[in-house]
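Asks: This is a predicted model, with the sequence first.
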Amino acid sequence: MFIIHVTPIAKGGLRELSYFSSQEFPVGTIVYVPLRNKEIPALVLEREDARAIKSILRTNVYETRKVRKQVASHVFSPEFVRAARTSATYFATSPGSVIHSYVPAAILSAAEATKLEKPSSYKKSSKKFERLVLQIPRHARFEKYKTIIRGNFAKGKSIFLCVPTLREARFFEKKYSRGIEKYTFLLESSQTKKKQQEIWNAILSEKHPVLIIATPTFVSIPRGDISMFIIENEMSSSYKQQVRPHIDARILIENLARETNSSLIYAGTTVSVKIHKFLRDGLATEIEEQTRKLRTDSSVTIIDSKAVRRSAKEEKANFPVLSPQSISELQECQTAGKLSFVFAARRGIASQTICNDCSNTIKCTHCKSPMILHGRHGPRKLMCHRCGSVRDAHETCVMCGSWDLVPLGVGAERIEEFLTKNLTEAKVFVITSDTTKTPVQARKIVEEFYTTPGAILVGTEMALSYLTSEVSCSVMSSIDSLLCIPDFHIEERVLGIITILREQTKKVLLIETTSPENSMLKHAKNGSLAEYAEEELALRKKLKYPPYAHIIKVTSKGTREAAIQNMQKFVALTQEKYKPRVFAGFIERGRDVELHALIRITAGQWPDSELATILENLPMSFSVDVDPERTL
């Protein structure tokens, strides 16, 4: 009889559980264990002879349950298991939570049914882990990848090309399958379970080196000859989970590359300031001289929206959704039969609605978030973007009873209405999460857009990955609704968006803002990527922000009394050594409230074993986010 110690493969799962077993399950295999009233997959972390610890077992308060007889599944490489455990410590969660996030359900179910190929084993490489950086324009980067792929294939080595979104995965598969289609494999979440299992097995059984193009969910594939991982579009926020357990795939991939002694390439037209710091500190090497200035065919014009609106007010004209200069450029493109793109920072008609008499913001009755005005092809309605509740827009202010409710800001629907009214000859298409619920719908709209002369595409950030071909003119409308977000990451994120649009625009990119003097916008106009990174690093070092420190966000959620009591207990545990700063949630959550605590740890001192233990043992009413995208 044996005692096996396992970590449940489940979202927010317990760190470790122990069970009796009559079988000698190998460490690193998957078994199904009873938990409450069902069986769940779990990873075997350790195995002990029950006779050797008999005296300890007799003192247990709780009964140790038994695991049924079964065939253990070999799904992961030992290197991935170690990387998952290291990442779990970093993000203050369980190894099972990491594995649950980066092993598709289709693969786990196939493992239970013994339908998976065993992990492939190859002679271990003598090379050491290295960080590499490839910051060059998109078209040049794609050509460089071809050289890298050919070089690795010649050495008998495979490559894992990780992309942040499904759309980008399909784009890369189409681009690189020609000539090596037999050895190029695509794995992404929209594939059926059967398809995922077939491709997974085909990758493991193929004797020739392969190119694996996949989203982060499939990084666990245990092919032993992978000698290089590429993180394409490294700045994308899609690599970081927005929900529990808040894992960043870039950290997991780095840990995996380190465990397998592989090369890791951070790639993009521009990379994050964190990677710039790696370069400056000698912790990463350039594959080839990086682009200090972004050189594109398009020019950038920054338009002062404040001056445009002041002029319209003086002339007693309607609120200018887009500036006259932007309309003129769009009109010129439409007349010439050229394509244009208009970036909208927000969906809906406006970003918020307020009472013109008492200045009260119209909020959701369920979660207290601001209600967003919508009205595309139908009666206007107020919609909550957080909980999804909808109500009729014809209402009065709950504070003063006034009918004078005013929408503020510029959303995608308002831009669409404005363009349809002012450029009557142009066909206007829209891609937001309201208009396209599936990738198939988005692809259909984009295909029609690219085949319609003089068409204009209006889209939020989600539309950027669908811009696979160049447009003549681009406009960024009301960029201030992004820049006003109180978060130290936001300017870096906006710079990334501008960079993408510059690359995809042939003629001119127009940026409308009320802050034309913003330093980041000036660097974006000049394409001075390196100068921006140096300025941003200097500022963050002064303020002790990442990458010069780690920020850990701890959130207590519940009724007002419970949230306060729980946070008080957490502060009592950490106040003396870690000095958490506590503040209330930015947006109320209905009857529940949120209290946040921010802890700053000097770079190089995380994971801190004492704090990590405290965070791992917090109750489920808490959530922990290490290196959060947003601190509010």
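Replies: That came through fine.
Asks: State the distance from H385 to H374.
Replies: 10 Å (C-beta to C-beta, to the nearest Å). Where C-beta positions appear, they are placed from N, C-alpha and C, glycine not excepted.
Asks: Can you pull the residues that touch both of these two?
Replies: Jointly contacting H385 and H374 under the rule C-beta atoms under 8 Å, 6 or more residues apart in numbering are G348.
Asks: what's the distance between the closest residue in space to P546 that isn't next to it in sequence and M620?
Replies: Computed as C-beta to C-beta, 6 or more residues apart in numbering, the closest residue to P546 that is not its neighbour in sequence is D627, at 6.3 Å. D627 sits 22 Å away from M620, going by C-beta to C-beta.
Asks: So between H385 and H374, which is more surrounded?
Replies: Here H385 and H374 are compared on neighbour count by other C-beta atoms under 10 Å; more neighbours surround H374, at 22 against 17.
Asks: Low-confidence regions, the chain specifically.
Replies: Filtered on pLDDT under 70, the chain yields the residue ranges 13, 53-62, 121-126, 289-292, 377, 586-590.
Asks: quick one, domains of it?
Replies: 1-72, 130-286, 299-351+409-527, 549-626 (automatic domain parsing).
Asks: Could you dump those domains into CSV and include mean neighbour count and distance to Y90?
Replies: Shown next, in CSV, are those (neighbours: other C-beta atoms under 10 Å; distance: least, C-beta to C-beta, whole Å):
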stretch, mean neighbour count, distance to Y90
domain 1-72, 15, 14
domain 130-286, 19, 6
domain 299-351+409-527, 19, 19
domain 549-626, 16, 6
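Asks: quick one, strands of the stretch 51-200 of the chain?
Replies: Secondary structure of the stretch 51-200 of the chain, counting by DSSP state E, counting those that start in this stretch: strands at 130-135, 158-162, 184-187.
Asks: How about the contacts made by F488?
Replies: The contact partners of F488, taken as C-beta under 8 Å, 6+ apart, are 540, 543, 545-546, 631.
Asks: Which one, of the strands of the stretch 51-200 of the chain, ends up nearest to T335?
Replies: Closest approach to T335 among the strands of the stretch 51-200 of the chain (C-beta to C-beta): strand 130-135, 37.4 Å.
Asks: thinking again about what came up before, I'd like the strands of the stretch 51-200 of the chain laid out as a markdown table, including distance to A284.
Replies: Shown next, in a markdown table, are the strands of the stretch 51-200 of the chain (distance: least, C-beta to C-beta, whole Å):
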| stretch | distance to A284 |
| --- | --- |
| strand 130-135 | 4 |
| strand 158-162 | 17 |
| strand 184-187 | 27 |
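Asks: among those strands, which is nearest P324?
Replies: strand 130-135 (36.5 Å).
Asks: which helices and strands sit right next to the closest one?
Replies: If you count contacts as 3 or more C-beta pairs under 8 Å, 6 or more residues apart in numbering; DSSP states H and E, strand 130-135 packs onto strand 263-268, helix 273-280, strand 285-286.
Asks: Beta-bridge partners for the closest residue to S263 other than its chain neighbours, please?
Replies: Spatial nearest neighbour of S263, chain neighbours left out: M228 (4.5 Å); criterion: C-beta to C-beta, 6+ apart. Here M228 shows beta-bridge partners I159, S263, assigned using DSSP bridges.
Asks: Hmm, I148 and M228 touching each other?
Replies: Yes - using C-beta atoms under 8 Å, M228 is in contact with I148, at 7.2 Å.
Asks: what touches both of these two?
Replies: Each of 159, 265 lies in contact with both M228 and I148 under the rule C-beta under 8 Å, 6+ apart.
Asks: Counting residues, name the longest helix you see in this protein.
Replies: Secondary structure of the chain per DSSP state H: the longest helix is helix 560-578.
Asks: So which elements touch that helix?
Replies: Using 3+ C-beta pairs under 8 Å, 6+ apart: helix 560-578 touches strand 549-558, strand 593-602, helix 609-616.
Asks: Quick check: can you name the pairing partners of the helix or strand following the shortest one and their directions?
Replies: Toward the C-terminus, helix 609-616 is succeeded by strand 622-626 as the next helix or strand (DSSP states H and E). Sheet partners assigned to strand 622-626 using DSSP bridges are listed as strand 549-558 (antiparallel).
Asks: Quick one: distance of the strand it pairs with to the chain centre.
Replies: In terms of C-alpha atoms, centre = their mean, to the nearest Å, the centre of strand 549-558 is set 18 Å apart from its chain centre.
Asks: repeat for stretch 607-626
Replies: So, by C-alpha atoms, centre = their mean, the centroid of stretch 607-626 is 22 Å from its chain's centroid.
Asks: 23 is where my numbering starts, stick with that
Replies: Right, with 23 as the first residue, what we last looked at is stretch 629-648.
Asks: CA atoms of that stretch as CSV?
Replies: C-alpha atoms of stretch 629-648 as CSV (Å, rounded to 0.1, in the frame of the first residue of the first chain):
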residue,chain,number,x,y,z
PRO,A,629,9.2,34.8,-4.9
ASP,A,630,9.6,35.5,-1.1
SER,A,631,8.9,32.2,0.6
GLU,A,632,7.3,33.6,3.7
LEU,A,633,4.9,35.9,1.7
ALA,A,634,4.2,33.2,-0.9
THR,A,635,3.1,30.8,1.8
ILE,A,636,0.7,33.4,3.3
LEU,A,637,-0.8,34.1,-0.2
GLU,A,638,-1.1,30.4,-1.1
ASN,A,639,-3.1,29.7,2.1
LEU,A,640,-5.6,32.6,1.8
PRO,A,641,-9.3,31.6,1.6
MET,A,642,-11.2,31.5,-1.7
SER,A,643,-12.7,34.9,-1.0
PHE,A,644,-9.3,36.3,-1.8
SER,A,645,-7.6,36.5,-5.2
VAL,A,646,-3.9,37.1,-5.8
ASP,A,647,-2.5,38.8,-8.9
VAL,A,648,1.3,39.0,-9.2
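Asks: For it, which outside residues touch it?
Replies: With C-beta under 8 Å, 6+ apart as the test, stretch 629-648 has contacts from 34, 37, 111-116, 266-268, 572, 574-580, 584-585, 588, 592, 595-596, 599-600, 621, 623, 628.
Asks: ok so, going back, list the helices and strands the next helix or strand after the longest helix of the chain packs on?
Replies: Using DSSP H and E, the helix or strand that follows helix 582-600 towards the C-terminus is strand 603-606. Using 3+ C-beta pairs under 8 Å, 6+ apart, the elements in contact with strand 603-606 are strand 615-624.
Asks: Return the alpha-carbon coordinates of the strand it packs on using PDB.
Replies: Provided in PDB are the C-alpha atoms of strand 615-624 (Å, rounded to 0.1, in the frame of the first residue of the first chain):
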ATOM      1  CA  VAL A 615     -17.500  45.000  -2.000                       C
ATOM      2  CA  GLU A 616     -13.900  44.600  -2.900                       C
ATOM      3  CA  LEU A 617     -10.900  45.700  -0.900                       C
ATOM      4  CA  HIS A 618      -7.500  45.700  -2.500                       C
ATOM      5  CA  ALA A 619      -4.000  45.600  -1.000                       C
ATOM      6  CA  LEU A 620      -0.900  46.300  -2.900                       C
ATOM      7  CA  ILE A 621       2.500  44.900  -1.800                       C
ATOM      8  CA  ARG A 622       5.700  46.100  -3.500                       C
ATOM      9  CA  ILE A 623       8.700  43.600  -3.600                       C
ATOM     10  CA  THR A 624      12.100  44.800  -4.900                       C
END
